[in-house]
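Q: Following is a predicted model, sequence given first.
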Amino acid sequence: MRWRHPVFTTLISALIALAAAAEEPGISVRDAWVRETPPGIVMTAGYMVLQNRTSRPQVLVAASSSGFETVTIHRSIAKQGMTGMEHAPQIELLPNASLLFAPGGYHLMLSNPKRALHAGDRVDITLKFRGGLALPVAYEVRK
Amino acid sequence: MKEISLKFGVMVTAVVLAAVLGGVWLAAVYRENGSRAILLPDQVMTLFPAPKPLAAFAFTDHENRVFDLSRLKGKWSFLFFGYTHCPDICPTTLATLARVRESISKNAAGAQDVQFVFISVDPNRDTAGKLGQYVTYFDATFLGVTGDDAQLGNLAGQLGAAYQVEVKPGTENYPVYHTAAVFLVDPRARYHAVFAPPLDAEGISRRFGVLRELEGPKAT
């Protein structure tokens, strides 16, 4: 009977929620960085390791930042012996897998930064996934 | 019991000794053949047995000086095609080449006889001023050059490089494709070797160091 006390039930449900939150696998990002812009240059790229810790595929559909005019998900590709870029409208992250955004491959193409980017600065970019999940990520500017 | 453990001990010692001796022998062999083995065909550098003399071309460098065939003479030149609006491949390559230069300059032979030239295939957007700001950000000694389509096509063709610029009227953003390899021209203005991506600064500078030493007297 005493266990039905409102304080207990509240406490228990709070603990359950906390445990669930801690175990909520979700999507995480590590090693997020943006390349410093040479003087006069209005294009740069963002890189990271995207980790899908859920048991379902997750689809990255867009990215946005108030610090740039545009943020586009791009991939450097080889085409007839040349290198170029293509827009990646969506990228599927497999369950419990990581996806690398690295030089020469997937990257966030960042155009017209609102201010010059210097090594050590922080850039905030929000990653958007299918289903409405928005993940804010802090990127470190590196040379 | 005692005899078995003794035998076992001897066996282990023998195996360890053999492994150590084997390692020492391999290291010695590698040291002896190191310089030559390093220039065998590999993933990093393709060396041409008969370097190809380049024909005349005419660009303008980032200080508005003529950059023609004569500017390739007397120096080893690392050439890379790209454009400054390139967010991924070009800055990555130029940063790698800056590390290559740093590594070469620490070598006893130094980097006095080496130049790094960024060839913009996008003269429409890459003015001399913009090129200068861009290349010298990576290394103060880097050169930025560009020219008209005929001249770009001329040198690219001689090096087996390709590029494609899809200029769209009315937009500042249009796709550009270019060969991502780095071309090495020797001090006699001959196309001597090519480095294929993925480019690794350590691998490139080590191979270049050996090549320059081997070619030293006859290259100039």
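A: Structure's in. What do you need?

Q: my guess is B:A95 is in a strand, correct?
A: No - assessed with DSSP: H, G, I helix; E, B strand; the rest coil, B:A95 is helix; it does not lie in a strand.

Q: What residues does chain B have near chain A?
A: B:84-89, B:91-92, B:95, B:129-130, B:133-134, B:137-138, B:162-164, B:173, B:175-180, B:197-198 (CB under 8 Å from any CB of the partner chain). No exception for glycine: its C-beta is placed from N, CA and C like everyone else's.

Q: phi, psi of residue 81?
A: As the question left the chain open, I've gone with chain A. phi 80, psi 0 (degrees, to the nearest 10).

Q: that's the other chain; I wanted chain B
A: Torsion angles at B:F81 (phi, psi; degrees, to the nearest 10) stand at phi -90, psi 140.

Q: Over to B:A156?
A: Dihedral angles (degrees, to the nearest 10) for B:A156: phi -60, psi -40.

Q: any idea how far it lies from chain A?
A: 10 Å (CB to the nearest CB, to the nearest Å).

Q: okay, now that residue: neighbour count?
A: Neighbour count of B:A156, defined by other CB atoms under 10 Å in any protein chain shown: 20.

Q: what are the ranges of the helices in the chain?
A: Let's take chain A. Under the criterion DSSP state H, chain A contains helices at A:6-23.

Q: please go with chain B instead
A: Going by DSSP H, chain B shows helices at B:2-37, B:89-106, B:128-138, B:149-159, B:201-219.

Q: Please name the nearest non-neighbouring residue to A:T83.
A: B:A180 (4.1 Å; CB to CB, 6 or more residues apart in numbering or on different chains).

Q: burial measure for the one you found, as a count.
A: With other CB under 10 Å as criterion, B:A180 counts 25.

Q: surely it meets B:P198?
A: No - counting by CB atoms under 8 Å, B:P198 is not a contact partner of B:A180; they are 9.2 Å apart.

Q: Name the residues of chain A found near chain B, please.
A: So far as CB under 8 Å from any CB goes, chain A lies against chain B at A:35, A:38-45, A:74, A:76, A:78-85, A:103-104, A:107, A:109-111, A:143.

Q: Try it again at 7 Å.
A: A:35, A:38-41, A:43-45, A:76, A:79-85, A:103-104, A:107, A:109 (CB under 7 Å from any CB of the partner chain).

Q: Filter these down to the buried ones.
A: By neighbour count, with 16 or more other CB atoms under 10 Å in any protein chain shown, these hold A:35, A:38, A:41, A:43-45, A:76, A:82-85, A:103-104, A:107, A:109 as buried.

Q: can you name the two of those that are farthest apart?
A: A:P38 and A:M82 (22.8 Å; CB to CB).

Q: ok, now which ones touch the residue minimising distance to the centre of chain A?
A: With distances taken as CA atoms, centre = their mean, the residue of chain A nearest its centroid is A:L127 (4.6 Å). Taking CB atoms under 7 Å, 6 or more residues apart in numbering or on different chains, we find A:L127 in contact with A:L60, A:A63, A:L135, A:V137.

Q: Strands of chain A, start to end?
A: With strands called from DSSP state E, chain A shows them at A:27-35, A:43-52, A:58-64, A:68-79, A:82-87, A:91-93, A:97-101, A:106-113, A:122-129, A:134-142.

Q: Tell me what angle the longest strand seen in chain B forms with helix B:149-159.
A: What stands out as the longest strand in chain B, according to DSSP E, is strand B:45-53. Orientation check (axes from the mean of the first three to the mean of the last three CA atoms, to 10 degrees): strand B:45-53 against helix B:149-159 gives 120 degrees.

Q: got the buried residues for stretch B:60-74?
A: Under the neighbour-count rule (16+ other CB under 10 Å), stretch B:60-74 has B:T60, B:D61, B:H62, B:F67, B:D68, B:R71, B:L72 buried.

Q: from the residues you listed, which ones fall inside strands?
A: B:T60, B:D61, B:F67, B:D68.

Q: List the buried residues in stretch B:90-104.
A: B:90-101, B:103-104.

Q: Residues touching that stretch, excluding its own?
A: A:35, A:103-104, B:78, B:80, B:82-83, B:111, B:114, B:116, B:118, B:138-139, B:141, B:180, B:182, B:199, B:201, B:204-205, B:208-209.

Q: Buried ones only from those residues, please, as a PyMOL command.
A: Only the buried entries of the contacts of stretch B:90-104 go into this PyMOL selection, using 16+ other CB under 10 Å:
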select buried, (chain A and resi 35+103+104) or (chain B and resi 78+80+82+83+111+114+116+118+138+139+180+182+199+201+204+205+208+209)
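
Q: Can you tell me which of the buried residues of stretch B:60-74 is nearest chain A?
A: Closest approach to chain A among those (CB to the nearest CB): B:H62, at 11.9 Å.

Q: All set now, cheers.
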